[in-house]
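Asker: sequence and predicted structure below; questions after.
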Amino acid sequence: MSRVASTASIRPVWRRFRHNRRGSAAVEFALVAPVFFALLFAIIETGIIFFAGQILQTVATDSARTILTGQTQTAGLTPAQFQSNVVCPFIPALLSCANIIINVQSTSSFTGFVPYNCVANGAQNANIQYNPGGPGDVVVLTLCYQWPLFVTGLGYNTANLVNGQRLLTASAAFRSEPY
């Protein structure tokens, strides 16, 4: 008889618990929130990466103009001077001038030209050149930037370097004006 009484007293408690929905929203949010925030942060980081890539391309285009018009060649700028006097003034606060790798190649024609690849064996290519060329030369300016990633710990990884960073690249190809 005690077994029947204990079962009978549990049923009303179980019914009350089953019909009580006051904490269900908090439990559902606790289950959905980590996935939602991981997705939200991944979208934000992807947008920032694309924005930084566009900024880098704008910097490359603006910097290439000084080579195109012969200002860099006539001033005799060294690679360090080209970086500090030409490239860095175009860089906004989102990017760091110290982290930009600049490669300038020139040749007499477009045929047989091998462009610079920023990545070699999963790391940043260390074979950097600086040759702005002369009047009428074909010049390719390539900028590389190692972008730090933050959301990779949540399962979203866009890294293309072995150190877990994303290498952004921008380039401008042109024939120099006869200056």
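Answerer: Cool, got the structure.
Asker: going forward, measure contacts between C-alpha atoms and count neighbours the same way
Answerer: Noted.
Asker: helices and strands around whichever helix in the chain runs longest, which ones?
Answerer: Counting by DSSP state H, the longest helix found in the chain is helix 24-68. When contacts are defined as 3 or more CA pairs under 8 Å, 6 or more residues apart in numbering; DSSP states H and E, helix 24-68 packs onto strand 138-147, strand 166-175.
Asker: tabulate those strands (CSV), appending mean neighbour count, distance to residue 52 and mean pLDDT.
Answerer: As requested, those are exported to CSV (neighbours: other CA atoms under 10 Å; distance: least, CA to CA, whole Å; pLDDT from 0 to 100):
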stretch, mean neighbour count, distance to residue 52, mean pLDDT
strand 138-147, 23, 9, 94
strand 166-175, 20, 8, 94
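Asker: thinking again about what came up before, buried residues, whichever helix or strand comes after the longest helix of the chain. List them.
Answerer: Helices and strands here follow DSSP states H and E; after helix 24-68, the next one along the chain is helix 71-75. Neighbour-count burial for helix 71-75 flags 72-73 (criterion: 16 or more other CA atoms under 10 Å).
Asker: same question for stretch 83-96.
Answerer: Residues of stretch 83-96 classed as buried: 83, 86-88, 90-91, 95 (neighbour count, 16+ other CA under 10 Å).
Asker: widest-spaced pair of these?
Answerer: For these, the farthest-apart pair by CA to CA is 86 and 95; their separation is 15.1 Å.
Asker: make JSON lines out of the helices and strands packed on helix 24-68 and add distance to residue 41.
Answerer: Below are the helices and strands packed on helix 24-68 laid out as JSON lines (distance: least, CA to CA, whole Å):
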{"stretch": "strand 138-147", "distance to residue 41": "16"}
{"stretch": "strand 166-175", "distance to residue 41": "16"}
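Asker: look at the most centrally placed residue in the chain and report its pLDDT.
Answerer: For the chain, the residue nearest the mean C-alpha position is residue 49 (3.7 Å; CA atoms, centre = their mean). pLDDT for residue 49: 94.
Asker: and it, how far is that from residue 43?
Answerer: From residue 49 over to residue 43 the distance is 10 Å, taken as CA to CA, to the nearest Å.
Asker: let me see the contact set for the residue nearest to the centre of the chain.
Answerer: Residues in contact with residue 49 (CA atoms under 8 Å, 6 or more residues apart in numbering) are residue 147.
Asker: I'm done for today, thanks for sticking with me.
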